[in-house]
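# I'd like to go over a predicted model; first the sequence, then the structure.
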Amino acid sequence: MMKIYYTLLFFLFSLLAFSQTRTYTTSRTQQVPDIDGQLTDDCWLNAVWGSDFVQFEPHSGAQPSQQTQFAIVYDDDNLYIAIKALDAEPGKIVRRVSRRDDADGDAVAIAIDSYEDKMTAFAFLVTAAGSKTDWRLTEENDEDYSWDPIWEVRTSLQPDGWYAEIRIPYSQLRFGKNNQYRWGLEVMRHVYRHQERSFWQPIDKASAKFIGNFGVLDGIRNINPKKDIEIVPFALSQLTLSEKEKGNPFATGTRTKASVGVDGKVSITHDITLNFTVNPDFGQVEADPSVVNLTNFETYFDEKRPFFVEGSNIYHYPFDLTNNERNKLFYSRRLGREPHLSYTKKEGEYVREPGRTNILGAVKVSGKTREGTSIGILNAVTQKMYSEIDHSGERSKYAVEPMSNYFVGRLEQDLDSGNLIIGGIFTATNRKIDEDQFRTLPGLAYTTGLNLTRYWKEKSYFITARAFFSHLRGSQEAMIQLQKSSARYYQRPDAKHLELDGERTSLSGFGGSVSGGKASGHFNLLGFSSWSSPGLEFNDVGFKPKADMFLNGIWAAWNEWRPKGIVNEYQFNGSWYNVRDFSGTSLEWGNEAFGYIQFTNYYDIAGGLNINYPGLSNSMLRGGPALKTPGVINSWFSVESDSRKKFSLEYEMNFSHGFEHSRRSISYGLDITYKPNNRLSLSLYPQYVKATGHQQYVRTVTGDSPAYILSSIDQNIASMSVRVNYGITPDMSLQWYALPYLFSGDYYGFKTVTHPRADKFSDRFTAMDTYPYDNPDFFFLQFRSNLVYRWEYKPGSVLYLVWSQGRTVQGNEGVFRFRDYLGDLFEAAPQNDFLVKVSYAWIF
């Protein structure tokens, strides 16, 4: 009976906690507090303190193990926040020093919805060691950790816990001009040793809203903050040392580079900001991971360059709401990309190719008005690029990339308190086609997208619809290239709904998507449908590797986050999907199931199963007829130990088996993390993949009757990423990243496709007695590393010291020899790059 009584009492407490919106009323201070983390200033002694935090996890709605108090005061230019993270056992507080945006250990945070739209918030987090993390978040779960505002914080360890003292300039927030403000407010606490998060304004984990459930910050009156101008000039010096090649004037062993540039930010209004960069350089950015791509589709790489990462959520415009968010109208890696063309070297010539296109300048205008209108404008200009050619001392140039202008415009309007969202996007790529070789590129490429989202019942239910249009113009050569590209293959002989038109000078297409479902509570549901016509093309400034398709599917999940027994939380989900082309031909269909369990000791296990049933591939023969493909079963499993511990492990395994013995692969990965003290973190991630497939595309022999040659292939991949992070102070860090990568491909069993739609896998091919062409066997070995020292010596001003090393070895042997490959790789001559970059922020 008493158990029932306490259960009912807890239930009533939870309902009461979640149903009330709390208000904190701040007051103006005449005394500017000294930001030292001690909280001894008079303004804190006289302030009203908020408290009564409630757990968010693991026990949603329960009292936290440790209580938290906070106070807020303001003046004409800043908000000042004091937080007391009370702790009955201060000796157990975890104080780990980490680089910005990589928080670890006990922490507190404040999030402010200064737009007052219940859709967007700015969050400021500090760990007990004083390390910062800051991010912008939206109600659609977009989190932008690249946002690095200029704010001040200090922490201190006290007998009753630890304290944090924060100064946030209004210039780092966004809000419309008004006489008084009622901003959304949430204050959060993370007790690391218990993996416990508690909130000042209680939020139910079953709710589909987060920012919409914030409390209220009231009392700010008659402020007149200045519109800041931030100018951040930088200077860079780089030395490259590499192997000297006799006779090659471009490989003398030493190369130097020096450049200057400027980044800046101008507040047009209090809620609209202009960012710009002139002659940017991103030498401090970590290199892309090594990869060998044997498919006919482009490899996607994440954006890491600060100018394009910061504020990118406004330009994020995915094609649909499925997991494949890489299909999107704007892919910022197109700006500054590797040149489209290259020079074919002749005998006696030496050539230096540009590795990337130089960005001359870029500007962004972004923000959100008080009326709920979100604005995003980005424009960038890239330089015409040349290959340099030397023939017996005579120099010449060959243009490999035209001068180009890229434009992205985004507009979105919130209506009905954020329950109705309408918007659109427009992108434009304009190239200066002033060389004959550029005629293979479109001169202009425009895309347009329209979107509408409607929510019901506290955002528990939703429907989203999007429409897309594209139009490209250029020479006949450019349009032929587009029609024959891997996205559409208009030349396919059995694609009766397509026709290759050699006289075309434009290409247009359309697409769209509709998604809807339930996002709150234990049961979640998503139904989705998307389509893209054969002519839809995003790839000049977006990413859309495949057109000519209809995708339909449904996904359902059950979530449980209330701890019970040895289980903290779990999720199970499943899905069904089908893909057709625009002729109605079914290409692919399958099912997927996934499960995840976290135990009360914070060990996790997860696993999944995916079945792709037999289908058709209209791209495997790269312009040839559709090839019937066997089904495949993919499965994966992972287990992870408690990441709070000094030593933690995560093991993962993936297995794939094709129907009719058409393919087989298995991969193993082990993520090892060791944190010997509060400053040092080491991680190793060795991975091994072994795969055998029996329908690897090799080549097409052209003629009156083209022959499509496939083969079997054995692939072996071994890699190990290594990361070492040392936090010297919250503003100074040292990071080392290294990745050795070994790949081999052994081709055998060559065959021609004779009956591409035969029922049996073996009946689709005829074995070749001999292979009369060069053997495609190969190996590829690469090592990449970056050592980066970063010191933010004053807010917004940073010094970088960088050492990067790269080694690459290639050959025409396909048998995997791990020890020999590793020896060959580290005996190869390295390229070493040493870089110094310093920036200085002026704020007016």
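Nice, I can see it.
# touching, Val838 and Ser237? I think so.
No. Taking contacts as CB atoms under 8 Å, Val838 lies outside contact range of Ser237: 9.3 Å. All C-beta spots, glycine's among them, are computed from the backbone N, C-alpha and C.
# what about stretch 42-53, how long is it end to end?
End-to-end distance for stretch 42-53: 25 Å, by CA to CA, to the nearest Å.
# neighbour-wise, which of Val838 and Ser237 wins?
Neighbour count, other CB atoms under 10 Å: between Val838 and Ser237, Val838 has more, with 16 against 13.
# how about the nearest residue to the more buried one, chain neighbours excluded?
Take Val838 and drop its neighbours on the chain: the residue closest to it by CB to CB, 6 or more residues apart in numbering is Leu799, 4.9 Å away.
# mind listing the residues bridging to the one you found?
Per DSSP bridges, the residues bridged to Leu799 are Trp791, Val838.
# what do you get for the one 4 residues further on?
Each beta-bridge partner of Trp803 is listed here, defined by DSSP bridges: Leu787, Phe834.
# that one contacts Pro830, correct?
No. Under the criterion of CB under 8 Å, Trp803 is not in contact with Pro830, lying 11.0 Å apart.
# grab the most central residue of this structure for me.
For the chain, Asp302 is the residue whose C-alpha lies nearest the centre (CA atoms, centre = their mean; 5.3 Å).
# distance from the helix or strand hosting Tyr747 to the middle of the chain?
Per DSSP states H and E, Tyr747 falls inside strand 732-753. Averaging C-alpha positions (CA atoms, centre = their mean, to the nearest Å) puts strand 732-753 22 Å from its chain's average.
# could you give the average pLDDT over whichever helix or strand comes after it?
Where DSSP H and E defines the elements, the next helix or strand beyond strand 732-753 is strand 765-767. The average pLDDT within strand 765-767 is 95.
# and strand 765-767, how far out from the chain's middle?
43 Å.
# again with stretch 267-280
Using CA atoms, centre = their mean, the offset of stretch 267-280 from its chain centre is 23 Å.
# span of it from start to end?
Terminal-residue distance, stretch 267-280 (CA to CA): 21 Å.
# and for stretch 212-225?
26 Å.
# swap in stretch 638-649?
10 Å.
# ok, stretch 223-235 next?
This stretch, stretch 223-235, spans 37 Å end to end (CA to CA).
# okay, buried residues for that stretch please.
223, 225, 228, 230, 232, 234 (16 or more other CB atoms under 10 Å).
# pLDDT (mean, whole number) over that stretch?
Stretch 223-235 comes out with an average pLDDT of 87.
# and for stretch 519-537?
95.
# now do the end-to-end distance for that stretch.
From its first residue to its last, stretch 519-537 covers 31 Å (CA to CA).
# distance from the chain centre to that stretch, please.
Centroid displacement of stretch 519-537 relative to its chain, using CA atoms, centre = their mean, is 20 Å.
# next one: stretch 266-278
With CA atoms, centre = their mean as the basis, stretch 266-278 stands 24 Å off its chain's centre.
# any buried residues in that stretch, and which?
Across stretch 266-278, burial judged by 16+ other CB under 10 Å covers 266-267, 270-277.
# can you measure across it, start residue to end residue?
14 Å.
# in this protein, which helix or strand is least confident?
helix 2-19 (a mean of 38; mean pLDDT, DSSP states H and E).
# I'd like the next helix or strand past that helix.
Counting by DSSP H and E, the next helix or strand C-terminal to helix 2-19 is strand 23-25.
# mind listing the strands that next one pairs with, and their directions?
In the sheet, strand 23-25 lines up against strand 215-221 (parallel) (DSSP bridges).
# tell me the helix or strand right after the partner strand.
As assigned by DSSP H and E, the chain's next helix or strand after strand 215-221 is strand 229-241.
# partner strands of that next one, parallel or antiparallel?
When DSSP bridges is applied, strand 229-241 pairs with strand 254-267 (antiparallel), strand 831-839 (antiparallel), strand 842-843 (antiparallel).
# out of these, which one sits most buried?
Greatest average neighbour count among the strands paired with strand 229-241 goes to strand 831-839 (a mean of 17), per mean count of other CB atoms under 10 Å.
# to the chain's geometric centre, what's the distance from that one?
Distance, centroid of strand 831-839 to centroid of chain: 25 Å (CA atoms, centre = their mean).
# now stretch 735-755
Per CA atoms, centre = their mean, the centroid offset for stretch 735-755 relative to its chain is 26 Å.
# pull out the buried residues from that stretch.
Residues of stretch 735-755 classed as buried by neighbour count (16+ other CB under 10 Å): 735-737, 739-747, 750-751, 753.
# for those, which one is nearest Lys205?
Of all the buried residues of stretch 735-755, Lys205 sits closest to Gln735, with 34.3 Å by CB to CB.
# roughly how far apart are the closest one and Glu412?
Distance of Gln735 to Glu412, computed by CB to CB, to the nearest Å: 36 Å.
# report the buried residues of stretch 367-374.
367-370, 372, 374.
# got the end-to-end distance for it?
First-to-last residue span, stretch 367-374, CA to CA: 6 Å.
# what's the answer for stretch 598-609, then?
19 Å.
# and what of stretch 295-306?
End-to-end for stretch 295-306, by CA to CA: 30 Å.
# mean confidence for it?
The pLDDT scores in stretch 295-306 average 82.
# what's that stretch in contact with?
Applying CB atoms under 8 Å, 6 or more residues apart in numbering, the set of residues contacting stretch 295-306 from outside is 146, 148, 280, 282, 285-286, 288, 291, 293, 309, 312, 326, 331-333, 336, 486, 539, 543, 545-546, 619, 622, 697.
# inside helices: which ones of those?
Using DSSP state H, the subset of the contacts of stretch 295-306 located in helices is Val309.
# now, of the contacts of stretch 295-306, which are buried?
146, 148, 280, 286, 309, 312, 331-333, 336, 539, 543, 545-546, 619, 622, 697.
# dump the strands paired with strand 229-241 to TSV, plus distance to Phe655 and mean pLDDT.
Converted to TSV, the strands paired with strand 229-241 look like this (distance: least, CB to CB, whole Å; pLDDT from 0 to 100):
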stretch	distance to Phe655	mean pLDDT
strand 254-267	46	92
strand 831-839	38	94
strand 842-843	55	88
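# columns distance to Leu682 on top of those strands, output as CSV?
As requested, the strands paired with strand 229-241 are arranged in CSV below (distance: least, CB to CB, whole Å):
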stretch, distance to Leu682
strand 254-267, 32
strand 831-839, 23
strand 842-843, 37
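# closest one to Gly212 among these?
Nearest of the strands paired with strand 229-241 (CB to CB): strand 254-267, 26.9 Å.
# rewinding a little: take the buried residues of stretch 266-278 and keep only those in strands.
With strands taken from DSSP state E, the overlap with the buried residues of stretch 266-278 comprises 266-267, 272-277.
# quick one: contacts for the nearest residue to Asp34 once chain neighbours are set aside?
With sequence-adjacent residues excluded and distances taken as CB to CB, 6+ apart, Asp34 is closest to Asp41, at 6.2 Å. Residues counted as contacts of Asp41 (CB under 8 Å, 6+ apart) are 31, 33-34.
# that'll do, ta.
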